[in-house]
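>>> Need coordinates for the following:
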Amino acid sequence: PGRRGAHVHARLWPGGRSATAAPSAAAATTRRARGWREPRGGSSSVRTGKMVDLLKMPIVITVQIDVVLAILTVLGIGSRLWGLQYPRAIVFDEVYYGQFVSLYMKRTFFIDDSGPPLGHMILALGAYLGGFDGNFAWNRIGAEYTGTVPVWNFRLFPALAGALCISLAYQIIVELKYSHTAALVAALLIMFENSLITQSRFMLLEPILIFFALLAVLSYLKFYNIQKNSSFSVKWWSWLFLTGTACAFAIGVKYMGLFTYLLLLAIAGVHTWKLIGDTTLSNVTVFYHIVARVCALLVLPIILYLGCFYIHLTLLYRSGPHDQIMTSMFQASLEGGLARITQGQPLEIAYGSQITLRNTWSKPVPCWLHSHKNMYPIRYDGGRGSSHQQQVTCYPFKDVNNWWIIKDPGKQELVVSNPPRSVRHGDIVQLVHGMTARYLNTHDVAAPMSPQWQEISCYVDYNISMPAQNLWKVEIVNRETENEIWKTILSEVKLLHINTSAVLKLSGTALPDWGYRQLETVGDKSSKVYHQNMAWNVEEHRYGKSEEQKERELEFQTPVQMDVSQNMSFMAKFLELQLKMLTLKNEETEHKYSSSPLDWINMDTNIAYWLHPSTNAQVQLVGNISTWSTATVGILVYTVLFLWHLLRQRRGICTIPKDSWEHLILAGAVCIGGWAVNYLPFFFMEKTLFLYHYLPGLTFKILLLPIILEHIHNHVLRSSVSRNTFSAVVLAWISSVYFVYQTFSPLTYGYPALSASQLSALRWKDSWDILIRKR
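As a prediction, the model looks like this:
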């Protein structure tokens, strides 16, 4: 029997299974019934035999390739990367983003109010891979790049992002449960959209934003479709977490990505609500579903968003041109700049300390409490009288007249004792102006520009019935204890006047010429609400050593070169930077190519991106008018179809299968919803707008077109004749899209140069500004 078993072992079933599996089991049962024992080590040898059999089995890897998708990807990359280095000159907003790339290369801090830093870091990564050192003057559009500038690398990642949007569009239509033919149409429309090609070929952020938005949509749709059959599988988790990741990255590129994220949260919320109502699932399973979605769609995006800022702040550790708008504490955390000035200075403010006081509001510009020998005019414009005391202002530059001395009202000394006596919350102090030795003062006299508040001055004794009122109470706004010590940079203090209860604050109004256009400071005794213009922090600080005024004046003019190391936490830096980005408003200027959202619907505007210095070769942001106009009609057609089906269902008439109806609703939520959230918010934004702001919304609007076409073909048209005719019309329309793409490609790629007559022929709308160089 043993020999026969060996022969059986040698035979294999198809697929590599041993033929002894069943006989050996039966033989073992018979032997046990007869009282026979297995030889020692028998089970081990069986296991070894199975392992050998497994090693003999062929290892098969099955790969499914969508040939159409692969071809579309290759064509998309070609359409975006062809001639990417041309023109070798600064094109439109490259002059803006290029400055940030250079600052990244030099590790220099900057702040951009247009959005979070991820998009800038992606552009900087391309420059870094190209060996860019940051040395280039980004001074004007059209300036030629030098030979050391890696232009191809600058534009690589936006071009790749734009190319991959074609593949994403194809897959989104498939995941929405429409045919591969409809998906092919969507991909071709994105591929031949001139405006998307133009925007993808330069160092700009819109293609990266669109890529992450589409990736988020695709990932969620794949997750939703997988859920029906294999919840909590590896693929299920992968697509769910990729959704949260893509959403975080979309927001990290531009704040507009937030609206796509909110749309997906709304869709996910509706799907989760339906899942909760599924009685076939246990309560524990439903709970796990909800926790998974919260972790992937809420917690993960927050972590990744913070991660973008962490990398950003880690890279940019050097002082830069935008430091002044940040707080003193933030500036001191950067290498160089204020950190170099304040390095090692004493932490605790003491009686006799020499300090500069910066207003924490920093609006309209950062400024420091300041005085000089000039007096307020006897009478202001309008005839109002003044105190004729020494002017006190807020000066937006570092100056020797910004220095003040903290004095104990009960002592005459203006130097720090040994050991130093620290100033604490609630202490009464006098502030002596360093260069003039006059005391900070206020009376019940109207301020020069803001008569509802009190004038702030340095007291001059004119031997009249106006005694000095120069006592101030120190209130630490951000204190943790009631006995907290006033600290350099860290403490934000409010100075409360003892006699009138007025709070020293910055009004923000510029004084006339007699005040050298410096900013007005006032005493406010009416406000009961704290405002940041009332808060001041010590920026520069030293312990006074000189008793004589002349020696003190020399001391004030000597730079502070001491060190206090106060590391600012990442969260503190993040919160301050985020607040500045959201509240900072650049001065709005009218631009030749700015436009309103109403101009975008039918492309009544364009943007000249670049013009060759000697020929008519130019790059224009102008879209494929065949696609734009049809996409607008598509939204109207979808609305009519949706209402028509809804009314018929209400009357009990079912014209389409339930699955088709659900697919149509989801497609509308994704496409029309994506268009709406990326378009309508611009009506409420107070900023200069351009045509390229419409491109994310346009992309979603284009995706709706093949869905409508397929729905009409399958569910509206009944006869084969009407369907064939409709297919022919659609084919002709796609041909027109390609024709428009080819016609405008010289303006899309900037090559070849056209004659004046050819350019005039491309001005299909009177509102378009096509540049024509007359010879």
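
>>> alpha carbons only for contacts and neighbour counts from here, please
Noted.

>>> Gln649 versus Leu495, what's the distance?
For Leu495, the distance to Gln649 equals 70 Å [Cα to Cα, to the nearest Å].

>>> and these two? which has more neighbours close in?
The residue with more neighbours, out of Leu495 and Gln649, is Leu495; 23 against 13, by other Cα atoms under 10 Å.

>>> On the strand side of things, show who Ala89 bridges to.
Glu144 (DSSP bridges).

>>> What's the separation between it and Arg201?
According to Cα to Cα, Ala89 and Arg201 sit 13 Å apart.

>>> One more: Val174?
Distance, Val174 to Arg201, using Cα to Cα: 27 Å.

>>> Give me the more crowded residue out of those two.
Here Val174 and Arg201 are compared on neighbour count by other Cα under 10 Å; more neighbours surround Arg201, at 30 against 19.

>>> how about the nearest residue to that one, chain neighbours excluded?
Leaving out its chain neighbours, the residue that sits closest to Arg201 by Cα to Cα, 6 or more residues apart in numbering is Ala159, at 5.2 Å.

>>> quick check, that neighbour in a helix?
Yes - remark: Ala159 belongs to a helix, assigned using DSSP: H, G, I helix; E, B strand; the rest coil.

>>> For Tyr317, see how far away Glu335 is.
Counting by Cα to Cα, the separation of Glu335 from Tyr317 is 6 Å.

>>> Which parts of the chain are strands?
For the chain, the strands defined by DSSP state E occupy 353-359, 368-375, 390-395, 403-407, 428-433, 440-446, 454-458, 472-476, 493-497, 503-510, 519-524, 536-543, 607-611, 618-621.

>>> now for those strands, which one comes closest to Ser238?
strand 618-621 (37.2 Å; Cα to Cα).

>>> list the contacts for Val217?
Val217 makes contacts with Ile172, Thr243, Leu264, Val670, as judged by Cα atoms under 8 Å, 6 or more residues apart in numbering.

>>> Equivalent analysis for His497, please.
Thr442, Asn470, Leu471, Trp472, Lys473, Val503, Leu504.

>>> and the residue lying closest to the fifth one once chain neighbours are set aside, how many neighbours does it have?
Distance criterion Cα to Cα, 6+ apart; nearest residue to Lys473, sequence neighbours excluded, is Ile428 at 4.5 Å. Burial of Ile428 is recorded as 20 neighbouring residues (other Cα under 10 Å).

>>> From Ile303, how far out is Ile428?
According to Cα to Cα, Ile428 stands 45 Å off from Ile303.

>>> quick revisit: let's see if you can find the most crowded of the contacts of His497.
Thr442 leads these on contacts (other Cα under 10 Å) with 28 neighbours.

>>> In terms of pLDDT, where does it sit?
With respect to pLDDT, Thr442 scores 94.

>>> quick one: contacts for the spatially closest residue to it that is not a sequence neighbour?
Leaving out its chain neighbours, the residue that sits closest to Thr442 by Cα to Cα, 6+ apart is Ile456, at 4.9 Å. Shown in contact with Ile456 (Cα under 8 Å, 6+ apart): Gln391, Val392, Leu440, Asn441, Thr442, His443, Ala447, Leu504, Thr521, Val522, Gly523.

>>> Give me the distance between Thr327 and Leu575.
In terms of Cα to Cα, Thr327 sits 12 Å off from Leu575.

>>> So for those two, which sits in the more crowded spot?
More neighbours surround Thr327 than the other of Thr327 and Leu575, with 22 against 11 (other Cα under 10 Å).

>>> got the phi/psi numbers for that one?
phi -70, psi 160 (degrees, to the nearest 10).

>>> Touching, Pro706 and Ala182? I think so.
Yes - judged on Cα atoms under 8 Å, Pro706 makes contact with Ala182 at a distance of 5.1 Å.

>>> Which one's more surrounded, those two?
Neighbour totals were compared for Pro706 and Ala182, and Pro706 leads with 24 against 21 (other Cα under 10 Å).

>>> List the contacts of the more buried one.
Counting by Cα under 8 Å, 6+ apart, Pro706 has contacts Ala182, Ala183, Val185, Ala186.

>>> tally of neighbours for Leu598?
Neighbours around Leu598, by other Cα under 10 Å: 10.

>>> just Lys494 next, same as before
Neighbours of Lys494 using other Cα under 10 Å come to 24.

>>> any low-confidence regions in the stretch 301-450 of the chain?
Along the stretch 301-450 of the chain, the parts satisfying pLDDT under 70 run over 337, 339-343.

>>> what do you get if the cut-off is 80, keeping everything else the same?
321, 324, 328, 336-344, 362-364, 382 (pLDDT under 80).

>>> Quick one: the helices in it, in order.
For the stretch 301-450 of the chain, the helices defined by DSSP state H, counting those that start in this stretch cover 328-332, 338-341.

>>> circling back to that earlier point, what's the closest of the contacts of Val217 to Pro117?
Distances from Pro117 to these, taken by Cα to Cα, are shortest for Thr243, at 20.0 Å.

>>> Cross-check the contact I'm expecting between that closest one and Leu215.
Yes - assessed by Cα under 8 Å, Thr243 is found in contact with Leu215 at 7.4 Å.

>>> the longest helix in the protein is where?
Criterion DSSP state H: the longest helix present in the chain is helix 720-749.

>>> For that helix, buried residues please.
723, 726, 734, 736-738, 740-741, 744-749 (16 or more other Cα atoms under 10 Å).

>>> Please give the centre-to-centre distance between it and its chain.
Between the centre of helix 720-749 and the centre of its chain there are 37 Å (Cα atoms, centre = their mean, to the nearest Å).
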